[in-house]
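> Task: produce atomic coordinates for the following.
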Amino acid sequence: MHSLPLPGPGPLLRDDGPLLLVPDTVLLPDGPAQDHAVVVDGTAFTDVGPAARVLRDHPALAPLRLPGWALLPGFVDAHHHLTQSFGAALAFGEPSEIFRRVWVPLEGALDEESAYVAAKLAAWEALRGGFTTVADAGTRAPVDVEAVAGAARDTGLRCVLGVICNDAGEDAVDDVLARAGKHLARYASDPLVHPSLAVSIPEAATEQTLADVARLAAEAGAVLQIHVNEHLAAVERSLVRHGLRPLEHLHRLGVLGPHLLAAHATLLTPRELALLRDTGTAVSYNPVASAWKGNAVAPALLMAEEGIRFGLGTDGTRGDAFRLLDAAETAQRLTHGLATGDSSCGGGWTWLDHGTRLGADAVGLGTGSGVAGVRTGAVAVGSAADFLLVDLTVPELCPSHDLPWELLRRGNRDQITAVFTAGRLRLWQGWPPDWDGRALLAKARELAHDVVRRAPIVRVHRPAAEAATAGRSALHAAGARGVSA
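Here you go, the predicted model:
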């Protein structure tokens with residue numbers, strides 16, 4: 001048990017001045033530190049350092065001591081689809097390219113209200129799982145993207161928000177570019193929503209548009225998000241059409257660069273890895289998506305060794321940062337470590353880094369690259385006060401010998417007691433302190449059933465219970481035939 005009672009959300013909700021927090025442990029960029037304190041003033045960390053020095057330098061602040069807790073930077077989800085939450089349970093057991101059969105039809109059935117509720121539900125799940133920032137790759141719902149932005153703001157989730165710039169067989173190029181420019185200007189100074197451009201897959205946009213939106217993103221200091229080299233079918237279509245793989249095709253058009261966030265990038269040749277490294281292009285490594293519906297696992301260990309920038313993404317599979325870290329290491333262990341005798345596969349620190357500060361860099365919010373001066377992903381002076389208070393007094397972490405490894409393999413979402421973004425408490429023990437979470441759940445259940453019913457979704461597999469019943473019936477019938485024979 002804690003040596004002192006939980007402080008409750010009240011002291012953490014104060015907005016009349018700075019907070020001086022003194023937890024047992026602070027996870028700094030260099031690793032865990034004991035006997036440290038932080039000052040949160042406004043939306044940022046204004047002091048971080050040894051507790052004795054911080055207390056001495058801020059005599060007017062009453063310290064809030066947090067025995068048994070760790071203060072961690074909020075995690076960064078480098079690839080999400082917030083308006084797909086109503087169909088999250090439809091992706092299980094499905095073969096690749098399910099976006100054609102599930103996601104596009106689902107999002108096409110959303111209106112303003114259902115898009116907002118779906119995005120708010122996903123944003124809440126992300127915060128519950130320890131993500132304070134997500135990169136949303138753009139909704140295909142026929143609604144104003146402000147529905148997604150509003151949901152992020154209302155939950156307190158920091159969002160790198162893409163606007164879809166597809167035009168192959170659709171809009172005129174000028175219309176796409178005008179929409180992209182308007183989006184970049186619309187959210188240029190928003191405190192929580194950071195504008196991004198997005199193309200679903202390279203073949204969804206004309207070559208001119210791919211080049212133009214890359215230029216726009218680079219000039220604006222924004223991120224361009226594109227799903228690249230995720231599915232074998234897409235790689236083969238690109239080879240047939242262009243004689244080049246998707247990433248090579250983008251390179252020929254001048255799209256690669258520090259502004260590009262290539263989602264998935266699982267099917268890569270050595271030459272393509274060199275292109276990523278040499279152009280400074282960032283990648284979203286999405287290990288759960290690979291396990292659930294992909295064709296391969298991104299070579300993230302090799303990327304780390306080569307200095308290729310990457311973050312960790314959920315692809316909307318489940319909003320649980322600790323399970324994402326575990327999946328990131330496990331996928332590398334299964335695809336590379338077993339064959340080479342590598343028992344560490346990057347160690348706990350690698351995946352913590354790429355899930356926080358290096359993930360922030362990948363989505364354009366890292367040190368020196370923050371949109372509109374915002375940077376996140378680290379507990380450091382000047383960084384946005386996006387952080388978690390995590391209970392360390394649990395059986396899973398007793399005894400504790402190596403906190404980074406333990407958080408990776410044994411950490412749990414239920415340990416996240418408080419979630420802050422921009423210096424404000426957004427969740428307490430998983431629930432919002434200033435809006436009605438249960439009302440949202442009720443509304444989401446109501447709308448989701450209607451949306452899924454109306455959407456022309458095509459699933460390969462039946463629901464698990466139906467499939468199990470059919471399987472048992474088939475076995476029983478086969479047994480009966482054998483007895484009668």
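> Following the record's annotation, map out the domains of the protein.
Following automatic domain parsing, one finds the domains of the chain at 9-73+378-428, 75-373.
> can I get those domains in TSV with mean pLDDT and distance to E446?
To be clear about C-beta, it is placed using only N, CA and C from the backbone, and glycine gets the same treatment. Shown next, in TSV, are the domains of the chain (pLDDT from 0 to 100; distance: least, Cβ to Cβ, whole Å):
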stretch	mean pLDDT	distance to E446
domain 9-73+378-428	95	23
domain 75-373	94	9
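> Tell me which of those approaches R453 most closely.
domain 75-373 (8.8 Å; Cβ to Cβ).
> For A211, give me its contacts.
Residues counted as contacts of A211 (Cβ atoms under 8 Å, 6 or more residues apart in numbering) are 253-255.
> Mind telling me which residue is nearest the centre of the chain?
The centroid of the chain falls nearest to D77 when counting by Cα atoms, centre = their mean (1.7 Å).
> Test my guess that that one contacts G313.
Yes. Counting by Cβ atoms under 8 Å, D77 touches G313, with 5.8 Å between them.
> residues bridging contact with those two, i.e. touching both?
Common neighbours of D77 and G313 (criterion: Cβ under 8 Å, 6+ apart): A135.
> For P395, which residues are in contact?
Counted by Cβ under 8 Å, 6+ apart, P395 has zero contacts.
> what's the burial count for D16?
Taking other Cβ atoms under 10 Å as the criterion, the count of residues near D16 is 4.
> In three-state terms, label it for me.
Secondary structure, DSSP: H, G, I helix; E, B strand; the rest coil: D16 is coil.
> same check, this time on A37
Here A37 takes the strand state, with states given by three-state DSSP.
> That one contacts P63, correct?
Yes. Using Cβ under 8 Å, A37 is in contact with P63, at 6.9 Å.
> Those two - which one has more neighbours?
Taking other Cβ under 10 Å, A37 and P63 do not tie; A37 has more neighbours (26 against 15).
> ok, the more buried one to A70 distance?
13 Å (Cβ to Cβ, to the nearest Å).
> joint contacts of the two?
V26.
> that older thread, for the residue nearest to the centre of the chain, give the beta-bridge partners.
Beta-bridge partners recorded for D77 (DSSP bridges): V134.
> could you list every residue that touches it?
Counting by Cβ under 8 Å, 6+ apart, D77 touches 126, 131, 133-135, 312-314, 319, 321, 324, 359.
> so of these, which ones are in helices?
Among the contacts of D77, the members falling in helices are 126, 321, 324, 359 (criterion: DSSP state H).
> thinking again about what came up before, got CSV for the domains of the chain, with distance to V458 too?
Shown next, in CSV, are the domains of the chain (distance: least, Cβ to Cβ, whole Å):
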stretch, distance to V458
domain 9-73+378-428, 32
domain 75-373, 4
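> Ok, which of those domains comes nearest G437?
Nearest to G437, of all the domains of the chain, is domain 75-373, at 6.8 Å by Cβ to Cβ.
> hmm, back to that, where do the contact lists of A37 and P63 overlap?
With contacts defined as Cβ under 8 Å, 6+ apart, the residues shared by A37 and P63 are 20-22, 55.
> Just name the closest of those to I416, please.
L21 (15.4 Å).
> which residues does that closest one bridge with?
Assessed by DSSP bridges, L21 has beta-bridge partners V38, L64.
> again with the one 10 residues further on
According to DSSP bridges, L28 are recorded as the beta-bridge partners of G31.
> Now for the nearest residue to R454 once chain neighbours are set aside: which residues touch it?
Nearest non-adjacent residue to R454, counting by Cβ to Cβ, 6 or more residues apart in numbering: A109, 4.9 Å away. A109 makes contacts with 451-452, 454-455, as judged by Cβ under 8 Å, 6+ apart.
> Next: V394.
Each residue near V394 by Cβ under 8 Å, 6+ apart is listed here: 412, 415.
> same deal with A282?
223, 258, 260-262, 309-311, 361-363.
> redo that, cut-off 7 Å
Going by Cβ atoms under 7 Å, 6 or more residues apart in numbering, A282 touches 260-261, 309-310, 362.
> So it versus P463, what's the distance?
According to Cβ to Cβ, A282 and P463 sit 37 Å apart.
> can you pull the buried residues of the host helix or strand of H249?
Following DSSP states H and E, one finds H249 within helix 246-252. Of the residues in helix 246-252, 246-251 count as buried by neighbour count, 16 or more other Cβ atoms under 10 Å.
> now for the residues you listed, which pair is the farthest apart?
The span of the buried residues of helix 246-252, defined through Cβ to Cβ, is set by P246 and H251 at 9.8 Å.
> what residues are up against the residue nearest to R333 when sequence neighbours are not counted?
In space, and not counting its chain neighbours, R333 is closest to C345: 4.6 Å by Cβ to Cβ, 6+ apart. Going by Cβ under 7 Å, 6+ apart, C345 touches 301, 329, 332-333, 337.
> need the contacts of A282 in JSON lines with secondary structure and distance to G437, can you?
Shown next, in JSON lines, are the contacts of A282 (DSSP: H, G, I helix; E, B strand; the rest coil; distance: Cβ to Cβ, whole Å):
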{"residue": "L260", "secondary structure": "strand", "distance to G437": "36"}
{"residue": "L261", "secondary structure": "strand", "distance to G437": "31"}
{"residue": "R309", "secondary structure": "strand", "distance to G437": "35"}
{"residue": "F310", "secondary structure": "strand", "distance to G437": "33"}
{"residue": "A362", "secondary structure": "helix", "distance to G437": "30"}
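> Farthest-apart pair in these, please.
L260 and F310 (12.0 Å).
> can you list the contacts of D77 in TSV and add neighbour count?
Formatted as TSV, the contacts of D77 follow (neighbours: other Cβ atoms under 10 Å):
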residue	neighbour count
A126	31
F131	30
T133	31
V134	29
A135	29
L312	30
G313	31
T314	29
G319	26
A321	29
L324	25
G359	32
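> Of the residues you listed, which is the nearest to R241?
Of all these, R241 sits closest to G313, with 26.9 Å by Cβ to Cβ.
> Could you pull up phi and psi at the nearest residue to the closest one once chain neighbours are set aside?
The shortest distance from G313 to any non-neighbouring residue, by Cβ to Cβ, 6+ apart, is to H79 (2.8 Å). For H79, the backbone dihedrals (degrees, to the nearest 10) come out as phi -160, psi 120.
> how close does H79 get to V223?
Distance of H79 to V223, computed by Cβ to Cβ: 11 Å.
> which residues in the stretch 101-250 of the chain form strands?
Secondary structure of the stretch 101-250 of the chain (DSSP state E, counting those that start in this stretch): strands at 131-136, 158-164, 193-199, 223-228.
> Could you look over those and pick the most buried one?
Neighbour counts (mean count of other Cβ atoms under 10 Å) averaged over each of the strands of the stretch 101-250 of the chain peak at strand 131-136, with a mean of 30.
> what's the angle between that one and strand 223-228?
70 degrees (axes from the mean of the first three to the mean of the last three Cα atoms, to 10 degrees).
> who touches strand 131-136?
For strand 131-136, contacts defined as Cβ under 7 Å, 6+ apart pick out 74-82, 126, 148, 157-162, 196, 225, 261, 319, 321, 360, 363, 365, 376, 386, 419, 421.
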